[in-house]
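Student: Here's a sequence, model it:
(2 chains)
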Amino acid sequence: GAGVSQSPSNKVTEKGKDVELRCDPISGHTALYWYRQRLGQGLEFLIYFQGNSAPDKSGLPSDRFSAERTGESVSTLTIQRTQQEDSAVYLCASSLDASYNSPLHFGNGTRLTVT
Amino acid sequence: SQQGEEDPQALSIQEGENATMNCSYKTSINNLQWYRQNSGRGLVHLILIRSNEREKHSGRLRVTLDTSKKSSSLLITASRAADTASYFCATRETSGSRLTFGEGTQLTVNP
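Tutor: Just a heads-up that it's a prediction; the model follows:
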């Protein structure tokens, strides 16, 4: 089926505004991850969902960041009162399950620019 | 902080040459994975090597893992211009489910 889909692909917002980023994982994938990638850098873990278990939120950088997932489908990452340092590409990935050997399948990301 | 560190940060070679990238990590792992990222795109999984494996092959890719040195290498043989991309190692720690990525190696293959 289709791969991981993220929307919007690009988002420009003014400092102080809230933004919501969406991720549609591959159908049947129970695990979902959000990462942040600043320009020219590696991936910074944000949050992880696995089925109905409590999410691992340990990577969220501040309380302005939150994420939700409806069952084993769509996830939204919300950034409140955006700051310029939030500018980055936000990548979503899903995997078949939480087993250690399940590879991640990534979307193309949402490029967020805070002006 | 990042678990994996890639070396070199950037590598430029001619088509047909081999490219070797290295990754070091800090904690005990279940497996180590390599991913590729083309500019402006998401990451694509290349290969996974388990902690009890020492070497793995997939097409023109060869991955080694030395758990005593906490290091891995990715070799791309007979490189092509289309191999130009950033390559990231990622580790799955024994203590958790998150996959932690390094800073990546930017590979440029000149035609």
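Student: In chain A, where is pLDDT below threshold?
Tutor: A:1, A:98 (pLDDT under 70).
Student: Spell out which parts of it neighbour chain B.
Tutor: By CB under 8 Å from any CB of the partner chain, the residues of chain A that approach chain B are A:4, A:31, A:33, A:35, A:41-43, A:45, A:48, A:50, A:56, A:59, A:91, A:93, A:98, A:100-101, A:103-109. The way it works is simple: take the backbone N, C-alpha and C, and place the C-beta from them, glycine included.
Student: let's see 10 Å
Tutor: Residues of chain A found near chain B (CB under 10 Å from any CB of the partner chain) are A:3-4, A:6, A:9, A:31, A:33, A:35, A:37, A:40-48, A:50, A:53, A:56, A:58-59, A:89, A:91-93, A:95, A:98-109, A:111.
Student: Can you name the residue of chain B nearest chain A?
Tutor: In chain B, the residue that lies nearest chain A is residue B:42 (3.2 Å; CB to the nearest CB).
Student: now residue B:19, nearest residue through space, not along the chain?
Tutor: Excluding the flanking residues, the one nearest residue B:19 by CB to CB, 6 or more residues apart in numbering or on different chains is residue B:76, at 4.5 Å.
Student: count of neighbours near the one you found?
Tutor: 23 (other CB atoms under 10 Å in any protein chain shown).
Student: same thing with residue B:56?
Tutor: Neighbours of residue B:56 (other CB under 10 Å): 16.
Student: got a list of what the residue of chain A found nearest chain B touches?
Tutor: Closest to chain B within chain A is residue A:106: 3.2 Å, counting by CB to the nearest CB. Residues near residue A:106 by CB atoms under 10 Å, 6 or more residues apart in numbering or on different chains: A:3-4, A:6, A:33, A:35, A:43, A:91-94, B:35, B:37, B:41-45.
Student: Near residue A:8, how many other residues are there?
Tutor: Neighbour number of residue A:8 under other CB under 10 Å is 13.
Student: before we move on, back to that, what's the closest non-adjacent residue to the residue of chain A closest to chain B?
Tutor: Nearest to residue A:106 is residue B:42, by CB to CB, 6+ apart, at 3.2 Å.
Student: That neighbour contacts residue A:111, correct?
Tutor: No. Residue B:42 is beyond contact range of residue A:111, at 11.8 Å (criterion: CB atoms under 10 Å).
Student: joint contacts of the two?
Tutor: Residues touching both residue B:42 and residue A:111 (CB under 10 Å, 6+ apart): A:37, A:89.
Student: Would you mind telling me which of the two has the busier surroundings?
Tutor: A direct count of neighbours by other CB under 10 Å for residue B:42 and residue A:111 places residue B:42 higher, at 22 against 17.
Student: How much space separates that one from residue A:94?
Tutor: Distance check for residue B:42 against residue A:94: by CB to CB, to the nearest Å, it reads 11 Å.
Student: if I look at these two, which residues touch both of them?
Tutor: With CB under 10 Å, 6+ apart as the test, residue B:42 and residue A:94 both reach A:3, A:4, A:104, A:105, A:106, A:107.
Student: Appreciated, that's everything.
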